[in-house]
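Participant: quick one, fold the following:
(chains A and B)
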Amino acid sequence: MQYDEIMVRYGELSTKGHNRKNFIDRLGSNVRDALHKFPEVKVHANPDRLHVSLNGANSDEVMRHLKLVFGIQNFSPSLKVDKNYDAVCKAAKEMIEEQVKHPITFKIETRRSDHHFEMDTFQMNRELGGYLLQQFPDLLTVDVHHPDLTLRVEIRLNGIFLTSEKVPGAGGLPVGTAGKGMMMLSGGIDSPVAAYLAMKRGVSVEMVHFFSPPYTSEQALAKAKELTGKLAHYCGSINFIQVPFTEIQETIKEKVPEGYLMTVQRRLMLRLAVALAEKRHGLAIFNGESLGQVASQTMQSMRAIEDVTNMPVLRPVLSYDKNEIIKIAKQIGTYDLSILPYEDCCTVFTPPSPKTMPRVDRARKYEQLIDVDGLMQKSLANIKITRIHAGEEFLNQNQDVFADLL
Amino acid sequence: MIYFDNSATTKIWPSVLSTYEKVANEVWGNPSSLHHLGQVAWNLLQQSRKQIADLYGVEPGEIIFTSGGTEGDNWVIKGTAFAKQQFGKHIITSSVEHAAVRNAMKQLEELGFDVTYLPVDDEGRVNPQDVQDAIRPDTILVSIMAINNEIGTVQPIKEIGEILKKYPNIHYMVDAVQAIGKGVDSMVFSDRVDFATFSGHKFHAPRGTGFVYKKRGRQIAPLIAGGGQEQGLRSGTENTPGDAAMARAVRLVQDGQAESVQRERAIKHKIIEHLKQFDHVRIFSKDDDSFAAHILCFAIVGVRGETVVHAFEEHDIYISTTSACSSKDEDTTSTLSAMKVPKKVAECAVRVSLGDQNTLADADEFNRVFDELYEGFKKIID
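Facilitator: Numbering: from 1, shown residues only, chains lettered A, B, ... in the order given. Alright, predicted model coming up:
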């Protein structure tokens, strides 16, 4: 059924006191962002609810996008009809026909903000209920206390709106309400899942991706960007910061003893992410580390790496098993991309046996063998920031051209 | 001209040809190359594969591009034999299969495999019970065609699949070369089928294209070893233009399927109703769902098929003696002999096979020409 408007109910944020306005404004702009490919859609974030006027946009498509936006408890698509009783009856009948296949109980719930309308709420409830019972004697019975289906009629100044379905939303908090964090995104399975979980709790993430041409390929970069496009479904759009890392990696390889290659390299990555966070008003660093998964993810390693900063380094998948992470990755649609076999910056120059228990003092000492500040400055001067929208694709940029051929 | 030989080959669709041309000109990199030109070609190849997979509701990894039906049949049969010979050397097939299956089986017999050729009834159909009875502990493969290419019998693929559910280790292959776009997708892709083989030029795609559906998890040995293309199962530089063109043809054929099956049924019905009136005509294909809509096999008893083909050709109507692949052989048709049709009658058989461009007016013209020819043939019949 093609609907005219979608009414969105807020989630947890209804309990957030006077921050409420910020939350609502933020959710409004996130929804606008998520629906940016429907220019005809208008979003009104009111204190009690958020209304999405479709103006002809395909309601199924719009709802598919809405389901992914964090901070929405549920939403209901509604039909807008002319302000007369006959039109209400006709639309209500169509809705029941479409949605009800087996006998159920129902009730009508009318709200009237236009008090000049000819019928009052009781009259509407009674007469519309009576009409529907008469139309569907085998399907409907009335139950005003615990109905299976509540048909809501809202009489507003600009028309009458009919609603019956309630579609669950993604829950969580609107992305951005928790502040900004820098997400270290490699392109593997874990970091996209960590990004998803961070966003779910309201973090606005910016992706930091280390790019080491020619050791890593354009495809590895395109893959990280495409992953970002997948994740942007949950918040509208995400900044993708590509950080040149070739020179740093080469210098470390040349100067640092093999056992500490990985530790020092990670320290530099973290230093760069922190520098970006400070410049871009980020409050924390996020990554996809899971305790004990590889050499760099032991507690000793974390200690030796995190030594470079006092900014919080948050690890949303810290205690998840690989299988649990894979399950979420499949559910959010990043898994198939993550397993594409392109080298990323973490797999280049991996020593045959990295230290799983590096020592902080040694890590510090070896780091001093390279010109940390100089290298970082050079790298930061050459970062490239791309704003990536939901569903943008980078691996196969000719997809549309190809679709015409096929 | 009336082209009634669509089971032999079909005319390539103009838009399919133009895809071929564009891809050959513009996306000519080797899909295995790491550089940009290769990546673009790779992306196109994968998108083509995904399109075919989506149209049949299977996974992209389950579609493997080949050079056509004969390769697909040979590959699945011999690939199964090579991969599973330590478990057994017994194969079950029917006695009405296409030569690509039949002769691949013959080769395996020479290598010590044991092949059971199931009999068929008087409509050319395998009895599922015979499959059940033929299964032995060392059976590794059952290979049955979906639609017979000579007379159009629809085989009981689902029923055989039901039986094979009790034997999960046996590979089940369906030769689906005649089945694409013929309204039997749910049968060909039914859940117990492990492999199905397809040929591009039977549905308006270029020659030298085809694909095999290979259910995920089923193992067969590659027949063509080399650079490891197609998951290492079918080496050789990918035919990007051909595969893209075929993906387009699959889409077009699926889009038009409902309409074309209905149209072909109507044409076939019209011709069958006409042919029924003649005493000396024997019709082998039935006019209902148990036979494909696009194949009609009949004989003017007493007139050799070859003569009939050439007589129609005089009137610019193109039909064939049963299977075009073997129509130059002296042997009479294998399907009809398996149905125990006497040799004298079988050698008179001809096949009308319908396709995209045929209309009801073609049926009228065919019937008119038939009457005229029959008048002439009467002299030699009686």
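Participant: care to break the chain down by domain?
Facilitator: Reading this off chain A. Domain ranges of chain A: A:1-81, A:84-164, A:180-404, per the TED database.
Participant: meant chain B actually
Facilitator: Domain assignment of chain B by automatic domain parsing yields the ranges B:2-9+B:257-370, B:14-255.
Participant: out of those, which is closest to residue A:259?
Facilitator: With CB to CB, the closest approach to residue A:259 among the domains of chain B belongs to domain B:14-255: 31.8 Å. C-beta: built from backbone N, CA, C; applies to glycine.
Participant: distance from the chain centre to the closest one, please.
Facilitator: On the basis of CA atoms, centre = their mean, to the nearest Å, domain B:14-255 sits 10 Å off its chain's mean C-alpha point.
Participant: now do stretch A:165-180
Facilitator: On CA atoms, centre = their mean, the centre of stretch A:165-180 falls 9 Å from the chain's centre.
Participant: can you get me the start-to-end distance on it?
Facilitator: 35 Å (CA to CA, to the nearest Å).
Participant: whichever residue of the stretch 151-300 of chain A sits closest to chain B: neighbour count?
Facilitator: Scanning the stretch 151-300 of chain A for the residue nearest chain B gives residue A:219, at 6.5 Å (criterion: CB to the nearest CB). Residues near residue A:219, counting by other CB atoms under 10 Å in any protein chain shown, number 20.
Participant: and the stretch 251-400 of chain A, which residues reach chain B?
Facilitator: A:395-396, A:398-399 (CB under 8 Å from any CB of the partner chain).
Participant: Provide the secondary structure category for residue A:78.
Facilitator: Judged by DSSP: H, G, I helix; E, B strand; the rest coil, the three-state class of residue A:78 is strand.
Participant: that one and residue A:165, how far apart?
Facilitator: 9 Å (CB to CB, to the nearest Å).
Participant: low-confidence stretches in chain B?
Facilitator: Counting by pLDDT under 70, the ranges of chain B that qualify are B:323-333, B:382.
Participant: burial of whichever residue of the stretch 1-150 of chain A sits closest to chain B, as a residue count?
Facilitator: At 17.7 Å from chain B, residue A:64 is the closest residue in the stretch 1-150 of chain A, using CB to the nearest CB. Residue A:64: 11 surrounding residues under other CB under 10 Å.
Participant: so what does it have for phi and psi?
Facilitator: phi -60, psi -40 (degrees, to the nearest 10).
Participant: okay, the domains of chain A in a markdown table with mean pLDDT next?
Facilitator: Shown next, in a markdown table, are those (pLDDT from 0 to 100):
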| stretch | mean pLDDT |
| --- | --- |
| domain A:1-81 | 87 |
| domain A:84-164 | 91 |
| domain A:180-404 | 91 |
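Participant: give me the residues contacting the helix or strand containing residue A:29.
Facilitator: Assigned by DSSP states H and E, residue A:29 belongs to helix A:20-34. For helix A:20-34, the external contacting residues (CB atoms under 8 Å, 6 or more residues apart in numbering or on different chains) are A:8, A:10, A:13-14, A:16, A:43-47, A:50, A:52, A:65-66, A:68-72, A:173-177, A:233, A:235-237, A:389-390.
Participant: quick one: strands adjacent to whichever helix or strand comes after that helix?
Facilitator: Beyond helix A:20-34 on the C-terminal side, the first helix or strand identified by DSSP H and E is strand A:42-45. Using DSSP bridges, the strands paired with strand A:42-45 are strand A:50-53 (antiparallel).
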